[in-house]
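[1] predicted model follows, preceded by the sequence.
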Amino acid sequence: GFTDALRGGVTTVGVAPGSGNVIGGETLAMKTWGRTVDNMVLRQPAGMKVALGENPKRCYGEKQKVPMTRMATAGLLRQALVAAQNYQQKIQVLKSKPGEVLERDLKMEALLPVLERKIPLKVHAHRADDILTALRIGDEFGLALTIEHGTEAHKLLPEFLDRKVPVIVGPSLSNRAKVELKDKSFQTPGILARAGIKVALMTDHPVIPVEYLSVCAALAVKEGMTEEEALKAITLNPAEILGVAERVGSLVPGKDADFLVLSGSILDVRTRVEQAFINGQPVLEEGFGGSLAKRKE
């Protein structure tokens, strides 16, 4: 995973739980090179992963358990957020009652940064109606959101513009194995970008291997996205969405000096990664089949 990412020119990734559960758990942003996972982490948590649509419905419906419908999925998410609000209120009440202790609830504690808008709710959603459900819940609870996948996001431009919700599009280099993917297209990121919506691209590794991120960007250009927007969609935009743009995403003084030496344009599928640098240190030499630097602090 990390080695493939480096050889494909990916130096920072957003990592999230899967989408089988309505609430999957915390996400993080991390470098793809380092001596230990702990010193590779840039931000944790970077968001709270939740899922709408077919995945949780299928995973639990096959077991004859809730949620078996889209309505139940939305209902469970609302219940969890209301429970977190109640937990938040109990904390505030007990601040004025010295000596009384609230029994800790780690699930509720994990949702507090979402209610406080410190991290976004990162919503797995493909279909337009699922995306609208996410936006509606975001409005109800006053949450920061990102839409993950956003297969039909191009159908909802006014709704995204009104809320300034970013979309992480992908994996587009895949088949239409689910009915909710019927309108999947590489035109989507370009349509969103032209409308002024912040867009990033994902491969959803291992669905599509992470080293093909630049290929996805090139195919988005082929289908109408500008080269500048495609480059931003795999560099600065995802860094801003993950909340780590003060360190990565562009080459400016004061950032971490993560960069690549390429044989050509990153948007040319023939281009090779000749060298990769993280924190100003060389971590990959001589391209895809080349050697990785020794991991150290």
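    That came through, no problem.

[2] so where's the longest helix in the protein?
    In the chain, assigned by DSSP state H, the helix with the most residues is helix 70-94.

[3] in it, what counts as buried?
    By 16 or more other CB atoms under 10 Å, the buried positions in helix 70-94 come out as 70, 72-74, 76-77, 80-81, 84, 87-88. From N, CA and C alone the C-beta is placed, and that goes for glycine too.

[4] with stretch 33-41 instead?
    In stretch 33-41, counting by 16+ other CB under 10 Å, buried: 33-34, 40.

[5] those strands in the stretch 51-200 of the chain, which residues are they?
    121-125, 145-149, 167-169, 199-201 (DSSP state E, counting those that start in this stretch).

[6] helices along the stretch 1-150 of the chain, start to end?
    Counting by DSSP state H, counting those that start in this stretch, one finds helices in the stretch 1-150 of the chain at the ranges 2-7, 54-61, 70-94, 106-115, 128-141.

[7] still on that earlier bit, save the strands of the stretch 51-200 of the chain as JSON lines, and put in mean pLDDT and mean neighbour count too.
    Listed next are the strands of the stretch 51-200 of the chain as JSON lines, based on pLDDT from 0 to 100; neighbours: other CB atoms under 10 Å:
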{"stretch": "strand 121-125", "mean pLDDT": "99", "mean neighbour count": "27"}
{"stretch": "strand 145-149", "mean pLDDT": "98", "mean neighbour count": "26"}
{"stretch": "strand 167-169", "mean pLDDT": "99", "mean neighbour count": "28"}
{"stretch": "strand 199-201", "mean pLDDT": "99", "mean neighbour count": "26"}
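
[8] now tabulate the ones you listed in a markdown table and tack on distance to residue 60.
    Output for these, formatted as a markdown table (distance: least, CB to CB, whole Å):
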| stretch | distance to residue 60 |
| --- | --- |
| strand 121-125 | 15 |
| strand 145-149 | 20 |
| strand 167-169 | 25 |
| strand 199-201 | 29 |
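
[9] what's the closest of those strands to residue 261?
    For residue 261, the closest of the strands of the stretch 51-200 of the chain is strand 199-201, at 21.8 Å, according to CB to CB.

[10] check the offset of whatever helix or strand comes next after the closest one from the chain's centre.
    Per DSSP states H and E, the first helix or strand lying C-terminal to strand 199-201 is helix 213-222. Put simply, helix 213-222 sits 18 Å off its chain's centre (CA atoms, centre = their mean, to the nearest Å).

[11] and helix 213-222, what's buried?
    For helix 213-222, by 16+ other CB under 10 Å, it's 213-221.

[12] which helices and strands does that helix pack with?
    helix 187-194, strand 199-201, helix 227-232 (3 or more CB pairs under 8 Å, 6 or more residues apart in numbering; DSSP states H and E).

[13] hmm, back to that, can you tell which of the helices of the stretch 1-150 of the chain is closest to residue 187?
    helix 128-141 (15.4 Å).

[14] could you tell me the angle between the closest one and helix 54-61?
    90 degrees (axes from the mean of the first three to the mean of the last three CA atoms, to 10 degrees).

[15] how distant is helix 128-141 from the center of its chain?
    For helix 128-141, the distance to the chain centre is 17 Å (CA atoms, centre = their mean).

[16] now swap in stretch 121-138 and tell me
    14 Å.

[17] buried stuff in it?
    121-128, 130-135, 137-138.

[18] relative to residue 9, which of these is nearest.
    Using CB to CB, those come closest to residue 9 at residue 122, 23.7 Å.

[19] the closest one is in contact with residue 50, isn't it?
    Yes: counting by CB atoms under 8 Å, residue 122 does reach residue 50; the two are 7.1 Å apart.
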